[in-house]
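> Provided below for reference: sequence and predicted model.
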Amino acid sequence: MVQVSNHMPTAELQALDSAHHMHPFTQGAGLRAKGPRVITRAEGCWLTDSEGERILDAMAGLWCVNIGYGRKELADAAARQMQELPYYNTFFQTTHVPAIALAQRIAELAPGDLNHVFFASSGSEANDTNIRLVRTYWDAKGQPDRNVIIARWNGYHGSSVGSGSLGGMKGMHAQGGMPIPDIHHINQPHWWNEGGEMSPEEFGLARARELETAIEQIGPDRVGAFIAEPVQGAGGVIIPPSTYWPEIQRIVDKYGILLIADEVICGFGRTGNWFGSQTMNIRPHIMTIAKGLSSGYQPIGGSVVCDEVAEVIAGVEFNHGYTYSGHPVACAVALENLRILDEEGIVTRVATDTGPYLKEKFESLADHPLVGEARIVGMMGSIALTPDKASRAQFAAEAGTVGYITRERCFANNLIMRHVYDRMIISPPLVISRDEIDTLIERAWKSLDEAHARLKDEGLM
Ligand code: PMP
């Protein structure tokens, strides 16, 4: 038997990885040729790889490690819970203390009357739950035809068949028979790419009104819900124009459809409030949560449901659930994570201290010749790469070419920054310090300089 460990040479680990490990959202053959970077440890905002390099993680893993890496309290909470009750389900009229405690705490933190939690192990699962919740809700209310859910192109809601259908990623829909029936997509409020001659405010209104048009076309008695991320994350950190959400809220209220806020990224402090719905001032009936709920230390997600919807669902037998719904270890770890976020004032710090500091520094990247706009809310931000700021031009090369080149320069400079097409995005741990923010911006600037030089050399700009 091969003993795989941190002490193996990188090349051997890479060879075994290539032989046996299939990577998500990756072209396997390309990765095999290049070899993945092997991450061995992490502390705070810093990763260490198998070559001993220290890398600043400006993505908090996959937007999830809100309290930073290496918090021993979470490991202790997991160990305690594993010894006391490592697993039990909540299907057949049983419950346990970690699930009770976490549901109660989430209800306390969530806005309005979002007082009920249906647990899952991921954002994808939680959004699958939401599809079933919405359709079961309308069915129980005697309106079974109200099964259409409206979502947005370039939204991201997960990678299962249901959640991937809600998402508006055409590349995902092209593989494996998505979307499922009765999911309808409207356009996104992405002013930089799609706003044309309109002002951001005009464009925000126009894009919100596509919801009303869609409801009228499909039929108000057919539409059950609208789902959206308060701020699109995986689509490229698209912060909507100020006019967008108020208009969406008006339309949702007018037609009495359910509003689902997918808070998988925005939740738990990312935008400077506990939830993105508070930052955008909207009143969802259901929120999807995951990621920052446990800071990624355990896989856990859920649907947070308002009183009325929960009451209607309580009237039927809801034939839905996962073996790991409310997993006690995941719940115990999430609770400890929420305690730290709260007691250490981490969410407040994002709102009033390090968030504003990061905003000032991050927005200064817009002075770089390769950057058109730099926008950020709380600790999620993006910059648009462009050959011409004034006209918001796209590069002649295939979309994503320049983003990828820039991402590779960041990687080489030990900074994890992701690209979505030709937008560069950040979502660092919420505990990032001012010094670390300075390092982030220095490395980003250096990487942009290098990418810029290379683009000129190669005639791409
Ligand atoms: N919703 C949003 C807004 C997300 O960003 C993600 C993951 N990036 C998901 C849902 C899916 O979550 P998971 O990967 O945990 O299934």
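Right, received. Where do you want to start?
> go ahead and confirm Ile39 touches Thr48.
Yes: judged on Cβ atoms under 8 Å, Ile39 makes contact with Thr48 at a distance of 7.3 Å. Any C-beta I mention is one placed from the backbone N, CA and C, and that applies to glycine too.
> hmm, who's touching the helix or strand bottoming out on mean pLDDT in the chain?
The helix or strand of the chain with the poorest confidence is helix 28-34; it has a mean of 93 (mean pLDDT, DSSP states H and E). Outside of helix 28-34, the residues within contact range by Cβ atoms under 8 Å, 6 or more residues apart in numbering are Ser18, Met22, His23.
> isn't there a strand covering the second one?
Meaning Met22. No: counting by DSSP: H, G, I helix; E, B strand; the rest coil, Met22 is not found in a strand; it is coil.
> and it, its phi and psi?
Note on Met22: backbone dihedrals following degrees, to the nearest 10 are phi -90, psi 120.
> then the last one?
Dihedral angles of His23 (phi, psi; degrees, to the nearest 10) stand at phi -90, psi 140.
> how many neighbours does it have?
Neighbours of His23 under the rule other Cβ atoms under 10 Å: 12.
> now do the helices in the stretch 51-200 of the chain.
60-63, 72-84, 97-109, 123-140, 161-166, 170-173, 191-194, 200-218 (DSSP state H, counting those that start in this stretch).
> endpoints of stretch 319-334, how far apart?
26 Å (Cα to Cα, to the nearest Å).
> er, stretch 171-182 I mean
19 Å.
> how far off centre is that stretch?
Centroid separation for stretch 171-182 versus its chain: 20 Å, with Cα atoms, centre = their mean, to the nearest Å.
> so what's Ala60 closest to, chain neighbours aside?
Counting by Cβ to Cβ, 6 or more residues apart in numbering, Ala60 lies nearest to Pro429, which is 4.6 Å off, once chain neighbours are set aside.
> any idea which helix or strand carries that neighbour?
Pro429 belongs to no helix or strand when assigned by DSSP states H and E.
> wait, it sits on Ala42?
No: here Pro429 lies out of contact with Ala42, judged by Cβ under 8 Å, at a distance of 9.8 Å.
> show me what contacts His452?
His368, Pro369, Leu370, Met461.
> what about the first one, how many residues nearby?
Burial measure for His368: 17 neighbouring residues, criterion other Cβ under 10 Å.
> equivalent analysis for the last one, please.
Per other Cβ under 10 Å, the neighbour tally for Met461 reads 20.
> state the helix or strand in which Glu373 lies.
strand 371-377.
> partners of that strand in the sheet?
strand 380-385 (antiparallel) (DSSP bridges).
> buried residues, the strand it pairs with. List them.
Met380, Gly381, Ser382, Ile383, Ala384, Leu385 (16 or more other Cβ atoms under 10 Å).
> who are the packing partners of the helix or strand that comes right after it?
The helix or strand immediately downstream of strand 380-385 is helix 401-412, counting by DSSP H and E. When contacts are defined as 3 or more Cβ pairs under 8 Å, 6 or more residues apart in numbering; DSSP states H and E, helix 401-412 sits against strand 380-385, strand 418-420, strand 423-426, helix 434-457.
> just put the ones you listed in CSV and tack on distance to the ligand and mean pLDDT.
CSV is the format used below for the helices and strands packed on helix 401-412 (distance: least, Cβ to the nearest ligand atom, whole Å; pLDDT from 0 to 100):
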stretch, distance to the ligand, mean pLDDT
strand 380-385, 10, 98
strand 418-420, 11, 98
strand 423-426, 11, 98
helix 434-457, 21, 97
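> pick the most buried one from those.
Among those, ranked by average contacts under mean count of other Cβ atoms under 10 Å, first place goes to strand 423-426 (a mean of 26).
> just checking, what packs against that one?
So strand 423-426, by 3+ Cβ pairs under 8 Å, 6+ apart, packs with strand 380-385, helix 401-412, strand 418-420.
> can you do 7 Å?
When contacts are defined as 3 or more Cβ pairs under 7 Å, 6 or more residues apart in numbering; DSSP states H and E, strand 423-426 packs onto strand 380-385, helix 401-412.
> okay, now the sheet partners of whichever helix or strand comes after the last one, with direction.
So that's helix 401-412. Using DSSP H and E, the next helix or strand after helix 401-412 towards the C-terminus is strand 415-416. Within its sheet, strand 415-416 is paired with strand 54-57 (parallel), according to DSSP bridges.
> in the chain, which residue sits nearest the ligand?
As assessed by Cβ to the nearest ligand atom, the ligand sits closest to Gly123 within the chain, at 2.4 Å.
> sweet, I'm off.
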